[in-house]
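S.K.: Pasting the sequence and the predicted model now:
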Amino acid sequence: MSLPCFQVGWRIFIFTAIAALLFMLRLVTRSLCQHFLQTPLNNAVKLPRPLCFMAAPLLGLLLSGCALIKPASPDISLIEPISHPVRFLLTFDDGPSTSNSQNPTASILHDLEHNPIQPGIKALFFVQTRGATLRSPGRELLPREHADGHLIGFHTATSGHKNHRFLSHEDFIASLENGISDIQKVTGSAPKLVRPPFWNYDARTFDAYQMHGMHVLLTDLSANDGKIWGFNGSPRRRINLYNQLSTMRPKMVVGQIPVVDNVIPVVVTFHDTNPYTARHLHEYLQILLEVAAELNIPVSPQPFYQDKTALERAALARTIKSESEVVVLPGIWSWIWGSNPDTGKAKLAAFN
Ligand SMILES: [Zn+2]
């Protein structure tokens with residue numbers, strides 16, 4: 001079993017948290033000594049400042065697993081042919097953004113339509129329909145997503161980004177019904193696709209989605225850009241996408257991934273609330289093409305979906321058919337939910 005390798009955002013968070021804790025410890029011990037002993041802290045007892053600086057990166061490195069030490073180089077063959085080309089099915093979670101300053105959802109909508117790689121890309125937006133989203137300009141962006149020809153799926157209709165498994169039954173059903181109604185008002189039809197917040201579902205929530213006519217779509221690749229506060233960049237975006245796509249290659253070779261309309265749909269997840277993603281969408285599109293070429297994976301002459309109906313067909317073909325289906329979640333989520341006894345099953349960890 002390999003070590004869990006935290007993503008760079010987590011490593012920075014762990015590093016910062018440890019450094020802050022050590023300095024707080026240093027301050028607390030000093031003030032306690034001064035208060036109770038009525039004497040300045042002796043140098044022999046005081047946690048020295050250089051130790052704080054040295055201990056933080058060391059502990060951060062240990063806690064961050066192997067990612068800093070082990071270069072990612074999947075040991076897979078790139079020779080076996082793949083019968084059909086891939087087409088990337090772009091999905092965006094958590095929006096529409098309510099930001100008044102360089103709104104990332106608006107920027108992404110513009111760049112999907114106007115970009116040098118494939119103008120007029122259509123994507124799938126898993127939206128939040130209540131809470132902050134009701135505020136302008138998020139309120140106006142949901143109809144715009146539909147008007148621009150994109151597909152709308154359901155993410156949540158709670159007052160915030162909440163895990164459906166932890167809602168009361170009444171609140172959960174209300175969220176489903178409100179979300180369906182909100183989307184229906186915009187698009188004229190009920191959503192057929194749902195992406196559960198935090199990638200988390202159990203038998204109860206899965207069955208409820210199905211009973212409300214929605215099918216769960218997870219992802220093949222993730223930009224791991226869900227954290228939008230603080231540092232929201234992705235210095236390892238290329239290697240992350242390369243590694244994730246590389247794990248799909250053997251499955252493509254043996255025909256394990258469905259072919260729809262003569263292409264293999266590869267689901268990619270971004271967050272349209274992330275300003276970094278919005279600023280770098282062109283680069284992400286280019287990176288997807290480049291890592292596919294590096295992995296000797298054929299790409300369709302139309303690398304991204306351009307037709308909403310075809311996109312929906314492909315997305316439905318890639319949905320989870322049963323709650324008991326073993327799935328691989330992006331980033332740390334398999335690690336988190338796979339060990340949760342409430343799920344009643346192990347969702348296999350995705351770290352390798
Ligand atoms: Zn989300």
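M.R.: Sure, I can see it.

S.K.: and residue 217, what does it touch?
M.R.: 91, 124, 153, 193, 194, 195, 267, 315, 318, 319, 320 (Cβ atoms under 8 Å, 6 or more residues apart in numbering). Glycine gets a C-beta too; all of them are placed from N, C-alpha and C.

S.K.: looking at this, residue 325 is in a strand?
M.R.: No. If the criterion is DSSP: H, G, I helix; E, B strand; the rest coil, then residue 325 is coil and not within a strand.

S.K.: what number of residues lie near the residue of the stretch 101-250 of the chain found nearest the ion?
M.R.: Nearest to the ion in the stretch 101-250 of the chain, going by Cβ to the ion, is residue 197, at a distance of 4.7 Å. By other Cβ atoms under 10 Å, the residues close to residue 197 number 21.

S.K.: Contact partners for it?
M.R.: So residue 197 contacts 155, 156, 161, 162, 163, 164 (Cβ under 8 Å, 6+ apart).

S.K.: can you do 10 Å?
M.R.: Counting by Cβ atoms under 10 Å, 6 or more residues apart in numbering, residue 197 touches 93-94, 126, 128, 155-156, 158, 160-165, 175.

S.K.: quick one: which of those residues is most hemmed in?
M.R.: Neighbour-wise, the contacts of residue 197 (other Cβ under 10 Å) top out at residue 156, 30 neighbours.

S.K.: after the worst-scoring helix or strand of the chain on mean pLDDT, next one along is what?
M.R.: Counting by mean pLDDT, DSSP states H and E, the chain has its least confident helix or strand at helix 49-63, which shows a mean of 57. Following helix 49-63 in sequence order, the next helix or strand is strand 86-93 (DSSP states H and E).

S.K.: quick one: which of the contacts of residue 217 sit in strands?
M.R.: 91, 124, 153, 193, 194, 267 (DSSP state E).

S.K.: and the end-to-end length of stretch 312-329?
M.R.: With Cα to Cα, to the nearest Å applied, stretch 312-329 spans 21 Å between its terminal residues.

S.K.: hmm, that stretch touching the ion?
M.R.: No. Using Cβ under 5 Å from the ion, stretch 312-329 stays clear of the ion, coming no nearer than 12.5 Å.

S.K.: how much space between the residue of the stretch 101-250 of the chain closest to the ion and residue 95?
M.R.: 13 Å (Cβ to Cβ, to the nearest Å).

S.K.: joint contacts of these two?
M.R.: In terms of Cβ under 10 Å, 6+ apart, residue 197 and residue 95 are both contacted by the residues 126, 128, 155.

S.K.: Now for the last one: which residues touch it?
M.R.: Right, the one you point to is residue 155. Neighbours of residue 155 in contact, by Cβ under 10 Å, 6+ apart: 92-95, 125-129, 133, 161, 164, 179, 191, 193-197.
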